[in-house]
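J.: From the sequence below, what's the structure:
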Amino acid sequence: MVPSNAIQRTFRIAYGDSAATCFTLDVDGRQYIVTARHVVPNAADTLLVRVHYNRQWQDLQCQVVGLATGEVDIAVLAPPHQLSPAHIFEPTTREMYLSQDAYFLGFPYGLHSEVGEINGNFPLPLVKKACVSMLAFGVAETKLMLLDGHNNPGFSGGPVVYAPPSQLAATRVAGVISGYHHHWESVYLGDDKTDLKYKYNTGIIVVYSIDYAIELIRANPIGAPLGDANV
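T.: Below is the predicted model:
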């Protein structure tokens, strides 16, 4: 079950001509926005993004806390004020097991539900379920997980949440959705193979560990103080 802890922290974000997903994370009494690095390309010290609020896009001037390097597709921003309620939302992969269920939230193709004040005039995200297919958390390797599920454009930057075996509600956030693993497949005309190819969605979702977001935050703790709500 995905409770309000995750749902009310997930937002539709836009930068440039693209829209995607982000979520809030509270660390040491401050709130941060986490998304995929490719959602905010060429981010500098400050960044003007747009957040879907009250059925329209609203400008939000943020500071860039940090961008992960290499293949790690994570960016952390500091909003000017607290965006979401400070529900319990533990950033960890502790007690996450191979083959267990996990959930991911976001706004594929801009799909969402408007529920007014029930969600503080923010749209509700879609929730999808996946199976944890691979965990790679070794010391010398990039910390990531692969999920067996069907990701779509717009989920990028969204949270992957789960519940430990002893709990029902998925209040732990394990990582950030980067995209899906694709494979180039040939296009056929009848039985004849053409020179055309297309990117086939394999159903393997690539997720980078939330640990990278925490590292960026610890190195530059400039998030919005909790209690400074303007949601």
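J.: beta partners for Val127?
T.: For Val127, the beta-bridge partners under DSSP bridges are Leu105.
J.: ok, it - contacts?
T.: Val2, Ile7, Tyr103, Phe104, Leu105 (Cβ atoms under 8 Å, 6 or more residues apart in numbering). No exception for glycine: its C-beta is placed from N, CA and C like everyone else's.
J.: So how do I select the buried members of those residues in ChimeraX?
T.: Here is the ChimeraX selection string for the buried members of the contacts of Val127, based on 16 or more other Cβ atoms under 10 Å:
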select :2,7,103,104,105
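J.: residue nearest the centroid of the chain?
T.: Nearest residue to the geometric centre of the chain (Cα atoms, centre = their mean): Gly158, 1.9 Å.
J.: Strand partners (parallel or antiparallel) of the helix or strand of the chain with the lowest mean pLDDT?
T.: In the chain, no helix or strand scores lower on mean pLDDT, DSSP states H and E than strand 192-209, which sits at a mean of 87. Sheet pairing of strand 192-209 (DSSP bridges) gives strand 144-148 (antiparallel), strand 172-189 (antiparallel).
J.: Mind listing what's buried along it?
T.: Neighbour counts over strand 192-209 (16+ other Cβ under 10 Å) mark Asn201, Ile204, Ile205, Val206, Val207, Tyr208, Ser209 as buried.
J.: biggest separation within those, which pair?
T.: The span of the buried residues of strand 192-209, defined through Cβ to Cβ, is set by Asn201 and Ser209 at 22.6 Å.
J.: measure Gln8 to Leu25 for me?
T.: Here Gln8 is placed at a distance of 13 Å from Leu25 (Cβ to Cβ, to the nearest Å).
J.: Can you list the low-confidence ranges for this structure?
T.: Scanning the chain for pLDDT under 70 picks out 228-231.
J.: List the buried residues for the longest helix along it?
T.: Assignment by DSSP state H gives helix 211-219 as the longest helix of the chain. For helix 211-219, burial by neighbour count (16+ other Cβ under 10 Å) applies to Asp211, Tyr212, Ala213, Ile214, Leu216, Ile217.
J.: Ignoring the adjacent residues along the chain, who's closest to the third one?
T.: So that's Ala213. Val34 (4.9 Å; Cβ to Cβ, 6 or more residues apart in numbering).
J.: Sheet partners, orientation included, of the helix or strand encompassing the one you found?
T.: Val34 is part of strand 30-35 when elements are defined by DSSP states H and E. Partner strands and pairing direction for strand 30-35 (DSSP bridges) are strand 18-27 (antiparallel), strand 75-78 (antiparallel), strand 224-225 (antiparallel).
J.: Nearest to Ala169 among the ones you listed would be which one?
T.: strand 18-27 (16.3 Å).
J.: If we go by neighbour counts, what in the closest one is buried?
T.: Ala19, Ala20, Thr21, Cys22, Phe23, Thr24, Leu25, Asp26, Val27.
J.: List the contacts of the residue nearest to Asp26 when sequence neighbours are not counted.
T.: The shortest distance from Asp26 to any residue other than its chain neighbours is 5.4 Å, reached at Ala86 (Cβ to Cβ, 6+ apart). By Cβ under 8 Å, 6+ apart, the contact list for Ala86 reads Asp26, Gln31, Leu226.
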